[in-house]
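Undergrad: Fold the stuff below for me.
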Amino acid sequence: LTYPLNSLVGRDFIPADDQGEFQAVFDSPVDSSLEGTASIAGELASRYEKVPGVVFATPNVSERSNHCHTYIRLTRPSERKFTYLDVADQIRQIWADPRYKDLRTKFWFPSALGGSENTGAIQPMILGPDYYRAAALATQESTKLRKIKGLLDVSAEISLNAPEFQVHIDRQRAADLGVQVADVADAVRLMIAGTDQISTYKEGAEQYDVTMQLLPEQQKNPELLTRLMVPSTKVGQVRLDNIARIERGAGPTRIDRYNRVYQAGMVANQAPDMPLDAAVRAMRAVVTKDLPPGYSVRFTGTARELDRMTNDLISAFLLACIFMYMVLAAQFDSFRYPFIIMLSLPLSIPFALLTLYLTHRTLNLFSALGVLLLLGIVKKNGILQVDYANRLREQGVPLRDAIIQACQVRLRPILMTTTAIVAGLAPTALGLGAGGTQRAAIAVTIIGGQSLCLLLTLLVTPVAYSLFAVMEGKRVFSAVEAGLVRLRLGVARVFMMYLRW
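TA: Predicted structure coming up:
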């Protein structure tokens, strides 16, 4: 049942949690002024504050004049009958106004792991040898992804419309005049960007860096830029318009690479009823269908962390089982009894998944930790039964009577510990307060898995004990156990030799 239940439950990274706050982010057109972006931000903030549940909205325009974060504070979850996701849906309706059709919008929901504005989002990226082709593909695919039901705030994280001056150098003429391309780039960057230090200025005990650049109105005039003098190894100084032409144009604000190839990123959020793994599969099916040769898609962000988390948790489960087996083998001085006790562990996995399915939860980081804790809790029932049955058999009680008596005597402590665990985790399972949803995932997984496992472990462990005892009488495991004993003694001997050395 594990495989079909896993497909029904779905996998996620971190469950959504109502922390009473989030940020609405938008990018206006690249050539927008700081004043224009601030005006739009103030107008949107006033409309945000009219949404039910919003206490206040504070816009903040960043160092980029076209980028704005608006912090939105909500009332306490106990004071409203809707979630922060319902508030976000109403804000999306505001963004749908035709006046804001040129804005690129998204949300930044707070995450338990912190991070940047795209930490909790799905981030596929197109990789290829040509940046402009990859950017065109990202824009094209983001349009298709918006049609997938369950995906929200889909956008291409690229911009090819930044206004710029393009300096086209006649390399042959520049070589004839002794002008190097690097000198041209340095001179233009010095006048436009003003980032290079040309000197220092000292006043008292303080020393300041001195930079130089054209006045703002001069930077916008290509005629003045053509008069710029560039150093030459043959004639001393050469005017820029003698070796290059300057044109107005548009280009990317930044060029990103991944593993030394160009990348064009996209970003999207999944709806609450769509697990992360289902969203990734749907996006991968759409994007990979139309990619030309030489171009590929790779997922970063939460999708990559989900795969990494899954692999790490599988390794943790295997190591936990190995460690438990080693401890139990040392405790019972046998290789058979730990196996009988640990037969209940595979039963906890489908029961935990069934609990998540019935409570409409996903297998995420916190519920997976609950499954890991469940492995350690479930085995205690088998330890109580097997230990007491062994003690009775050592006293000469027949096999069947020892098993029945052990189950009867140990039933009370098993029920007591199970009831104590369920009662202790019940308040956490209610998920009250900020961050309660994430803690509730661990508690619900343990409560459901432990309660359901109790019904079967009380049957599986005695039956397995009986079968192994019968096979022990027929000496089925004699040769295997003798070999394991010799192996254990050999390992111990090598270890003692190492300690002496």
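Undergrad: can you give me the strands in the stretch 151-300 of the chain?
TA: Using DSSP state E, counting those that start in this stretch, the strands of the stretch 151-300 of the chain run over 151-156, 162-169, 197-203, 206-211, 229-232, 236-239, 244-251, 256-258, 261-270, 296-301.
Undergrad: Rebuild those strands as TSV, extending it with mean neighbour count, distance to Arg92 and mean pLDDT.
TA: Placement of C-beta: from N, CA and C, glycine included. What follows is those, written out as TSV (neighbours: other Cβ atoms under 10 Å; distance: least, Cβ to Cβ, whole Å; pLDDT from 0 to 100):
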stretch	mean neighbour count	distance to Arg92	mean pLDDT
strand 151-156	20	8	86
strand 162-169	14	27	85
strand 197-203	9	47	87
strand 206-211	10	44	89
strand 229-232	16	52	88
strand 236-239	13	54	88
strand 244-251	14	29	86
strand 256-258	13	27	90
strand 261-270	22	11	89
strand 296-301	18	21	88
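Undergrad: What values do phi and psi take at Phe26?
TA: Dihedral pair for Phe26: phi -140, psi 150, per degrees, to the nearest 10.
Undergrad: And the chain, split by domain according to the record?
TA: What the TED database lists as the domains of the chain is 20-109, 162-251, 333-498.
Undergrad: of all the strands of the stretch 151-300 of the chain, which lies closest to Ala185?
TA: strand 162-169 (8.2 Å; Cβ to Cβ).
Undergrad: which secondary structure elements does the closest one contact?
TA: With contacts taken as 3 or more Cβ pairs under 8 Å, 6 or more residues apart in numbering; DSSP states H and E, strand 162-169 sits against helix 181-192, strand 244-251.
Undergrad: Which elements pack onto the longest one?
TA: What that stands for is helix 181-192. Using 3+ Cβ pairs under 8 Å, 6+ apart: helix 181-192 touches strand 162-169, helix 171-176, helix 222-226, strand 229-232.
Undergrad: Of all those, which one is nearest Arg393?
TA: Ranking the helices and strands packed on helix 181-192 by proximity to Arg393 (Cβ to Cβ) places strand 162-169 first, at 81.2 Å.
Undergrad: And the contacts of the closest one?
TA: In this structure, residues lying in contact with strand 162-169 by Cβ atoms under 8 Å, 6 or more residues apart in numbering are 30-31, 181, 184, 188, 192, 222, 225, 240, 243-253.
Undergrad: Name the strands paired with it and say parallel or antiparallel.
TA: Using DSSP bridges, the strands paired with strand 162-169 in its sheet are strand 244-251 (antiparallel).
Undergrad: and the angle for the partner strand with helix 181-192?
TA: 60 degrees (axes from the mean of the first three to the mean of the last three Cα atoms, to 10 degrees).
Undergrad: Assign the residue nearest to Val397 when sequence neighbours are not counted to helix, strand or coil.
TA: Using Cβ to Cβ, 6 or more residues apart in numbering and skipping the chain neighbours, the partner closest in space to Val397 is Gln405 (7.0 Å). Under the three-state scheme (DSSP: H, G, I helix; E, B strand; the rest coil), Gln405 adopts helix.
Undergrad: what are the pairing partners of the host helix or strand of Thr70, and which direction each?
TA: If you go by DSSP states H and E, Thr70 is part of strand 67-74. Using DSSP bridges, the strands paired with strand 67-74 in its sheet are strand 21-27 (antiparallel), strand 54-61 (antiparallel).
Undergrad: tell me which residues form a beta bridge with Val267?
TA: In this entry, Val267 is beta-bridged to Ser155, by DSSP bridges.
Undergrad: wait, it sits on Ile158?
TA: No: taking contacts as Cβ atoms under 8 Å, Val267 lies outside contact range of Ile158: 10.6 Å.
Undergrad: what secondary structure does Ala426 sit in?
TA: Under the three-state scheme (three-state DSSP), Ala426 adopts helix.
Undergrad: Can you name the residues that contact it?
TA: Ala426 neighbours (Cβ under 8 Å, 6+ apart): Ala443, Ile447.
Undergrad: Quick one, grab the pLDDT at it.
TA: Reported pLDDT at Ala426 in the predicted model: 87.
Undergrad: And it, how far from Val378?
TA: 19 Å (Cβ to Cβ, to the nearest Å).
Undergrad: which parts of stretch 398-417 are buried?
TA: Leu399, Ala402, Ile403, Ala406, Cys407, Arg410, Ile414, Thr417 (16 or more other Cβ atoms under 10 Å).
Undergrad: Excluding covalently adjacent residues, which one is nearest to the second one?
TA: Leaving out its chain neighbours, the residue that sits closest to Ala402 by Cβ to Cβ, 6+ apart is Leu392, at 3.9 Å.
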